[in-house]
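Asks: Whatever this is, show me its structure:
(one chain, ligands or ions: 3)
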Amino acid sequence: MSLKLLEPIAFSGLRVKNRIVMPPMGMGYAHEDGTVSDRVIRYYLRRAQGGVGMIVVENCIVDPNVVGVGPELRIHDDRYIEGLRRLVRALKPYDVVVGLQLNHMGRQTTLGTPIAPSPIPISPKGPIPRVLTPDEIRFVVSEFVDGAWRAREAGFDFVELHAAHGYLICEFLSPASNRREDEYGGSLDGRLRFLLEIIAGIKERVGADFPIQVRLSGQEYVPDGLTLAETREIARRLEQVGISSISVSAGNWQTLHYIMAPMFMPKGYLVEDAAAIKAVVRIPVIAVGRLHDVEVAERVLQEGKADLVAVGRGLIADPEWAKKVMEHRREDIRPCISCNYCVDFVSRALEARCTVNAELGEEFLFEIRPARQRKRILVIGGGPAGLEAARVAAERGHEVWLFEKEKRLGGKLHVSAAAPSKKEIHRFTDYLIRQIEKHRVRVELGVTLGREELLGMHPDVVVLATGSVPTIPPLPGADLPMVAIAEDVLLERASVGHRVVIVGGGGTGCDVAEYLLARGREIVILELLSHIGRGIEAITRRWLYYEFKRAGVPLLTRHRIARIEEGRAVALDERDREVILPCDSVVLAMGYRPSDDMAFCLEEDFPVPVYRIGDCVRPGTILDAVAQGAHLAAKL
Ligand SMILES: Cc1cc2nc3c(=O)[nH]c(=O)nc-3n(C[C@H](O)[C@H](O)[C@H](O)COP(=O)(O)OP(=O)(O)OC[C@H]3O[C@@H](n4cnc5c(N)ncnc54)[C@H](O)[C@@H]3O)c2cc1C
Ligand SMILES: Cc1cc2nc3c(=O)[nH]c(=O)nc-3n(C[C@H](O)[C@H](O)[C@H](O)COP(=O)(O)O)c2cc1C
Ligand code: SF4
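Replies: Numbering: from 1, shown residues only. Ligands and ions are numbered 1, 2, ... in the order given. Purely as a prediction, here's the structure:
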């Protein structure tokens with residue numbers, strides 16, 4: 001069956017070769033001063049070569065004083081045009097329609113002075129934004145218009161106005177953030193005025209034929225926020241003033257899980273919002289939000305719920321998403337698992353990295369080139385580090401043998417995916433296993449090699465990827481039968497009673513808590529730090545925190561375990577006062593240490609080069625394991 005995803009579409013003078021859109025995603029790769037870096041160009045070029053029909057270049061700032069969290073593209077001065085022009089020129093040979101998203105952060109800025117239609121902070125503890133006067137509003141309108149003019153000068157095919165996600169335009173549209181009583185507030189007419197003036201200004205200065213796409217939050221999911229009924233009316237009015245297309249996202253900074261949905265959100269969770277808007281306009285509508293499964297994206301188009309689909313993190317994870325669809329190689333698409341580590345990096349003002357794609361940010365620098373000399377490489381350990389190393393080494397043409405002591409591949413990916421909200425991690429495990437099968441890696445399961453056996457295989461290189469083991473501190477009572485290790489509970493190797501004390505509220509402790517809550521247990525979390533969820537990305541952590549609060553889970557932060565006795569755990573609070581916690585079981589989630597399996601390979605007289613990767617060097621994340629596996633194997 002021919003895919004609708006691959007059908008061209010034409011509108012507003014644009015001809016898009018397929019229905020696959022790369023939505024704007026700020027990656028933190030711009031220069032500090034907001035100009036385009038080579039890294040920005042390489043990142044987009046890789047995706048243009050990967051076959052997408054349309055790229056909307058990330059959030060580009062129109063005002064010099066209100067910036068976001070870190071290095072962002074800017075367009076508030078003519079000096080930015082040259083870099084942006086270089087970017088467009090690099091992409092154009094690949095028959096891709098390229099737009100630029102124009103944004104003003106409004107009150108959602110962490111580095112600049114927040115400004116807004118009304119003096120309402122983004123959170124109760126946030127700074128009160130300065131209220132824009134009507135003259136200042138007209139000045140900001142001119143900043144957007146100038147930005148659009150510069151975008152056209154740089155060669156962009158269109159601009160996208162960022163009227164979503166709670167930034168300045170959205171703040172004007174939303175009754176939750178716009179309480180003005182002048183002509184820019186009040187009724188929908190008033191709240192829309194700012195956006196309509198920007199559109200009118202662009203049409204007048206840049207040209208009535210220059211396409212303007214608008215990105216809306218279909219719903220904000222906050223009290224008094226934008227509702228779908230109102231957004232539908234906004235969409236109608238925008239169509240009347242001649243915009244080219246609408247991209248339907250959701251949320252604002254208070255509801256980030258609707259913008260960049262973690263893996264627990266359903267696939268295509270915003271599609272019905274796009275469909276509701278599409279029902280009231282004739283211009284093309286773009287749907288977004290966990291559409292990185294080809295089947296899900298295709299269904300959106302087949303069912304007429306949108307005209308194009310945006311695949312955001314799916315394209316971070318695999319720049320060749322579209323190409324692989326075209327080449328009928330869906331099984332080769334490296335799946336985004338919606339872990340939001342990429343977002344976490346950017347929100348901490350760091351350059352984005354991806355859990356599953358070690359190449360991200362190093363496009364055309366990290367390459368899987370054929371090996372100069374074919375070697376026999378023995379990989380010990382079939383977790384993400386070993387699997388990725390085996391995949392890359394085999395793809396380069398090496399002879400790769402992988403030995404795993406368990407009866408299945410995946411290592412700690414299995415326990416990582418045990419909590420109810422984290423099942424999507426299995427998709428990455430399946431992908432890695434498919435890839436090493438495809439590249440004919442020889443796999444031996446249930447095997448632990450001794451020194452002589454290993455050397456008898458005459459390897460040229462040994463890669464140790466043996467992972468980590470749980471830390472069990474010398475704790476009185478830790479050997480009681482009522483005590484279990486977190487990963488044993490998650491993997492159903494140990495059972496627990498009804499009332500459970502979880503010692504350690506980091507990532508593993510939270511996974512166990514979620515797992516046991518779903519099984520009706522009464523739990524208490526003990527955590528030494530002032531907060532739970534250390535190491536979990538911020539959006540998921542916030543969600544988990546509220547889930548635990550909603551379920552009435554006592555979160556005993558700044559508490560440490562003192563001892564375990566039959567029927568109870570004894571903790572100490574900040575002031576060393578004893579807290580007695582009656583319970584049936586205690587689950588220890590107190591961290592990991594590197595495994596010292598196969599230590600003989602590290603002895604000085606070991607005659608073969610040995611490399612270590614992943615948790616057996618330092619317990620970390622899937623991202624660390626994959627990155628180390630890929631980078632090592634690319635050099636062997
Ligand atoms: C409960 C839990 C939840 C987690 N959740 C996340 C998460 O959400 N996101 C994230 O990024 N990270 C998470 N992590 C961490 C992540 O799982 C690890 O960082 C990652 O799996 C490390 O990969 P690795 O390949 O180095 O080691 P492992 O995944 O541990 O794999 C090592 C493999 O080596 C095998 N092995 C060991 N010794 C030998 C031997 N002598 N011979 C042959 N094989 C051997 C083991 O059986 C295992 O299969 C979580 C960890 C835990 C425990
Ligand atoms: C790292 C990152 C940065 C983002 N930056 C922007 C941005 O600059 N402008 C914007 O409108 N949306 C931004 N988004 C949201 C995406 O455009 C997209 O709507 C979201 O990721 C959901 O789509 P997906 O599930 O396909 O990833 C960003 C998302 C990510 C992951
Ligand atoms: S870091 Fe996670 S969410 Fe972001 S693209 Fe990679 S897999 Fe997807």
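
Asks: Now do L270 against A163, distance only.
Replies: 15 Å (Cβ to Cβ, to the nearest Å). C-beta: built from backbone N, CA, C; applies to glycine.

Asks: okay, the two: which has more neighbours?
Replies: Between L270 and A163, counted using other Cβ atoms under 10 Å, the more crowded position is A163 (29 against 26).

Asks: What sits closest to that one if chain neighbours are left out?
Replies: I169 (4.0 Å; Cβ to Cβ, 6 or more residues apart in numbering).

Asks: Now do the helix or strand hosting that neighbour, average pLDDT.
Replies: Assigned by DSSP states H and E, I169 belongs to helix 168-173. Mean pLDDT, computed over helix 168-173, is 98.

Asks: With ligand 2 in mind, check whether it reaches it.
Replies: No. Helix 168-173 lies out of reach of ligand 2 by Cβ under 6 Å from any ligand atom, never closer than 10.2 Å.

Asks: List the contacts of that helix.
Replies: The contact list for helix 168-173, computed with Cβ atoms under 8 Å, 6 or more residues apart in numbering, reads 66, 103-107, 115-117, 140, 161-164, 177-178, 184-185, 191-195, 198, 216-217, 220, 226, 234, 252.

Asks: What about ligand 2: which of the residues you listed touch it?
Replies: Answer for the contacts of helix 168-173 near ligand 2 (Cβ under 6 Å from any ligand atom): 162, 164.

Asks: mind checking how far R348 is from D307?
Replies: Distance from R348 to D307, by Cβ to Cβ: 36 Å.

Asks: can you give me the helices in the stretch 401-550 of the chain?
Replies: 413-416, 425-438, 451-455, 486-490, 507-517, 538-550 (DSSP state H, counting those that start in this stretch).

Asks: Would you format those as TSV with mean pLDDT included?
Replies: As requested, those are exported to TSV (pLDDT from 0 to 100):
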stretch	mean pLDDT
helix 413-416	98
helix 425-438	97
helix 451-455	96
helix 486-490	97
helix 507-517	97
helix 538-550	93
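
Asks: List the contacts of V379.
Replies: V379 sits in contact with 386, 389-390, 393, 400-403, 441, 463, 465, where contact means Cβ under 8 Å, 6+ apart.

Asks: what about stretch 499-508, start to end distance?
Replies: When the termini of stretch 499-508 are compared using Cα to Cα, to the nearest Å, they are 18 Å apart.

Asks: typo on my end, it should be stretch 208-225
Replies: For stretch 208-225, the end-to-end distance is 32 Å (Cα to Cα).

Asks: Buried ones in that stretch, by neighbour count?
Replies: 210-222, 225 (16 or more other Cβ atoms under 10 Å).

Asks: Which members of the residues you listed are positioned in strands?
Replies: Counted as lying in strands by DSSP state E, out of these, are 212-217.

Asks: re the thing from before, just the buried ones from the contacts of helix 168-173, in PyMOL syntax?
Replies: This is how PyMOL selects the buried members of the contacts of helix 168-173, with burial counted by 16+ other Cβ under 10 Å:
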select buried, resi 66+103+104+105+106+107+115+116+117+140+161+162+163+164+177+178+184+185+191+192+193+194+195+198+216+217+220+226+234+252
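
Asks: can you tell me which of the contacts of helix 168-173 are in strands?
Replies: Applying DSSP E to the contacts of helix 168-173, the entries found in strands are 103, 115-116, 161-163, 216-217.

Asks: Need the max-distance pair from those.
Replies: I115 and L216 (21.0 Å; Cβ to Cβ).

Asks: on that earlier part again, save the contacts of V379 as TSV, and put in distance to I259, pLDDT and neighbour count too.
Replies: As requested, the contacts of V379 are arranged in TSV below (distance: Cβ to Cβ, whole Å; pLDDT from 0 to 100; neighbours: other Cβ atoms under 10 Å):
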residue	distance to I259	pLDDT	neighbour count
G386	35	98	30
A389	34	98	31
A390	36	98	31
A393	38	98	30
V400	40	98	28
W401	44	98	17
L402	39	98	27
F403	43	98	23
V441	38	98	24
V463	39	98	30
A465	35	98	31
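
Asks: so which two of the residues you listed are the farthest from each other?
Replies: A393 and F403, at 14.1 Å, using Cβ to Cβ across the contacts of V379.

Asks: Packed most tightly, which of the helices of the stretch 401-550 of the chain would that be?
Replies: Per residue and on average, the most neighbours among the helices of the stretch 401-550 of the chain fall to helix 507-517, with a mean of 25 (mean count of other Cβ atoms under 10 Å).

Asks: Quick one: list the elements packing against that one.
Replies: If you count contacts as 3 or more Cβ pairs under 8 Å, 6 or more residues apart in numbering; DSSP states H and E, helix 507-517 packs onto helix 486-490, strand 499-503, strand 522-527, helix 538-550, strand 585-588.

Asks: Redo the ones in strands among the contacts of helix 168-173 as a markdown table? Include distance to G382 and pLDDT.
Replies: Compiled in a markdown table, the ones in strands among the contacts of helix 168-173 are given as follows (distance: Cβ to Cβ, whole Å; pLDDT from 0 to 100):
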| residue | distance to G382 | pLDDT |
| --- | --- | --- |
| N103 | 44 | 97 |
| I115 | 53 | 93 |
| A116 | 52 | 96 |
| L161 | 48 | 98 |
| H162 | 44 | 98 |
| A163 | 47 | 98 |
| L216 | 45 | 98 |
| S217 | 43 | 98 |
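
Asks: okay, those residues in TSV with distance to ligand 3 next?
Replies: Formatted as TSV, these follow (distance: Cβ to the nearest ligand atom, whole Å):
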residue	distance to ligand 3
N103	21
I115	30
A116	30
L161	25
H162	20
A163	24
L216	23
S217	20
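
Asks: Which residues of this protein lie near ligand 2?
Replies: 23-26, 58-59, 101, 162, 164-165, 215, 249, 259-261, 288-292, 311-314, 342-343, 346, 352.

Asks: Buried ones only from those, please, as a PyMOL command.
Replies: This is how PyMOL selects the buried members of the residues of the chain next to ligand 2, with burial counted by 16+ other Cβ under 10 Å:
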select buried, resi 23+24+25+26+58+59+101+162+164+165+215+249+259+260+261+288+289+290+291+292+311+312+313+314+342+343+346+352
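
Asks: so of the residues of the chain next to ligand 2, which ones are in strands?
Replies: Going by DSSP E, the strands hold 58-59, 101, 162, 215, 249 from these.

Asks: What residue, apart from its backbone neighbours, is nearest whichever residue of the stretch 201-350 of the chain sits closest to ligand 2 spatially?
Replies: Closest contact between the stretch 201-350 of the chain and ligand 2, by Cβ to the nearest ligand atom, is at G312 (2.8 Å). Once flanking residues are discounted, G312 sits nearest to P23: 4.8 Å by Cβ to Cβ, 6+ apart.
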